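Q: Give the three-dimensional model of this entry:
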Amino acid sequence: MRAREVARAVGVVAVVAAVVVAAAFAGGLLLDSPTQSASPSAPAYQPSELVAQPIADDGSVTAPAGDESKTVVIDVSHGNAVSEDALQPFVDALVAAGHEVRLFGGGTSTIGAEPGAAFNETLRSADALVVASPATTYSSNERAGVEAFADAGGRVLLAAEPPTTTSTSSTVSIPGLTSGSTASASGQPTNLAAAFGVSFGDGYLYDMAENANNFQSVYAAGNSGVAEGVEEAILTDATPVTTGGDASPVLTASGVSLSSTRDEASYAVAARNGNVLAVGDTDFLTSGTATEGDNDVLASNVAAFLVSGDKEAGAPAAPSSSSGRTGGSTFSSV
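A: You can find the predicted model right below:
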């Protein structure tokens, strides 16, 4: 190769090398530049920030044994959205403590008997009544029977869900728990509750801040009676309870909102009037939920409430002109 060509080749190589070195140097300056901004922090989009705090799920529902076996009737004759399977933890606790649980699914009455005669006949031999999420109203005779039952010392649990409206009317009534109106909705023992100074809400409670992954679950707490020891009950699709007369709140969900108004406040979710307890939720008694948080404490307290009454025998009194024959299933310890 000629000397001139060799020199030209060496020059090209030198230039390329210089360019590479300069680029590498410049890149190092850019990477080390003090003006380079740090990676943006967006905690709202961090997966760890969206994971809900784990809820304890290791509780168990219990019921006091007492000196005598009590009979608890669970009504399923009004299209109630409950069953023995759904209420298994609650039923099992009562049965394990030596109490008898009956599911009343309706019955036949003698010709000429008043509507609800079979229902009231069942109450005469019962100590406690559970009415949960009914789809139809209770007759005036049944309502009078429940009032007489409670007045005689019988314990009553009225458990409700947010109403499912079945009419386009703006006035909503919930069959079985409130007094009548121009519309009806299932899920609440409305006309029964009204007799004891209690009414249920027209929407569900939610909490976007505490329960981002399940906003329709709210925390409820109390400090006495059936709410003693309840610091974090987990109520799902709960509806608020409004009280009047002698009824008073016993369990409250604070800092939550109501779906029908979007108002954030503290709402009562359970109330008591003498021998009657009203709770704006049924899920806390059911399988898969009864052991979450303090639900087991609440359910155990409710069970104790039901079997700790002292009911007079034979109430409500039977009409002198008719009698009825009861129907239903019985579950008891043997």
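Q: Identify the residue spatially nearest to Ala152, adjacent ones excluded.
A: Distance criterion C-beta to C-beta, 6 or more residues apart in numbering; nearest residue to Ala152, sequence neighbours excluded, is Ala315 at 3.3 Å. No exception for glycine: its C-beta is placed from N, CA and C like everyone else's.
Q: nope, Leu157 is what I meant
A: Per C-beta to C-beta, 6+ apart, closest to Leu157 is Val130, 4.7 Å.
Q: before we move on, back to that, OK, contacts around the residue nearest to Ala152?
A: Neighbouring residues of Ala315 by C-beta atoms under 8 Å, 6 or more residues apart in numbering: Leu123, Arg124, Ala148, Phe149, Asp151, Ala152, Gly153, Gly154.
Q: Top of those residues by number of neighbours, please.
A: Leu123 (29 neighbours; other C-beta atoms under 10 Å).
Q: helix or strand for that one, which one?
A: Per DSSP states H and E, Leu123 falls inside helix 117-124.
Q: Helix or strand next in line after that helix, which one?
A: Going down the chain from helix 117-124, the next helix or strand is strand 128-132, by DSSP H and E.
Q: May I have the helix or strand just after that following strand exported as PDB, CA atoms only?
A: Using DSSP H and E, the helix or strand that follows strand 128-132 towards the C-terminus is helix 140-151. Extracted in PDB, the C-alpha atoms of helix 140-151 (Å, rounded to 0.1, in the frame of the first residue of the first chain):
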ATOM      1  CA  SER A 140    -102.400  -7.400  60.400                       C
ATOM      2  CA  ASN A 141    -103.100 -10.600  62.400                       C
ATOM      3  CA  GLU A 142     -99.400 -11.600  62.200                       C
ATOM      4  CA  ARG A 143     -98.200  -8.200  63.100                       C
ATOM      5  CA  ALA A 144    -100.500  -8.200  66.200                       C
ATOM      6  CA  GLY A 145     -99.200 -11.600  67.000                       C
ATOM      7  CA  VAL A 146     -95.600 -10.400  66.900                       C
ATOM      8  CA  GLU A 147     -96.400  -7.400  69.100                       C
ATOM      9  CA  ALA A 148     -98.100  -9.700  71.700                       C
ATOM     10  CA  PHE A 149     -95.200 -12.100  71.500                       C
ATOM     11  CA  ALA A 150     -92.700  -9.300  72.300                       C
ATOM     12  CA  ASP A 151     -94.900  -7.900  75.000                       C
END
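Q: Pull out the buried positions in the helix or strand following helix 140-151.
A: Downstream of helix 140-151, the next assigned helix or strand under DSSP H and E is strand 155-159. Using 16 or more other C-beta atoms under 10 Å as the test for burial, strand 155-159 gives Arg155, Val156, Leu157, Leu158, Ala159.
Q: the strands in the stretch 51-200 of the chain, which residues?
A: If DSSP state E, counting those that start in this stretch is used as the criterion, the strands of the stretch 51-200 of the chain fall at 71-75, 100-104, 128-132, 155-159, 164-165, 185-186, 198-200.
Q: name the helices or strands packed onto the following helix or strand past the last one?
A: From strand 198-200 onward toward the C-terminus, using DSSP H and E, the following helix or strand is strand 205-206. With contacts defined as 3 or more C-beta pairs under 8 Å, 6 or more residues apart in numbering; DSSP states H and E, the secondary structure elements packing on strand 205-206 are strand 248-258.
Q: So which elements touch the strand it packs on?
A: Packed against strand 248-258 by the contact rule (3+ C-beta pairs under 8 Å, 6+ apart) you find strand 205-206, strand 217-220, strand 264-273.
Q: Show the subsequent helix or strand relative to the last one.
A: Later in the chain than strand 264-273, the nearest helix or strand by DSSP H and E is strand 276-279.
Q: Can you give me the buried ones in that next one?
A: For strand 276-279, a neighbour-count test (16+ other C-beta under 10 Å) marks Val276, Leu277, Ala278, Val279 as buried.
Q: Looking at these, which one is closest to Asn80?
A: Val279 (14.5 Å; C-beta to C-beta).
Q: isn't the closest one right next to Val241, touching?
A: Yes. Look at Val279 against Val241 with C-beta atoms under 8 Å: they come within range, at 7.4 Å.
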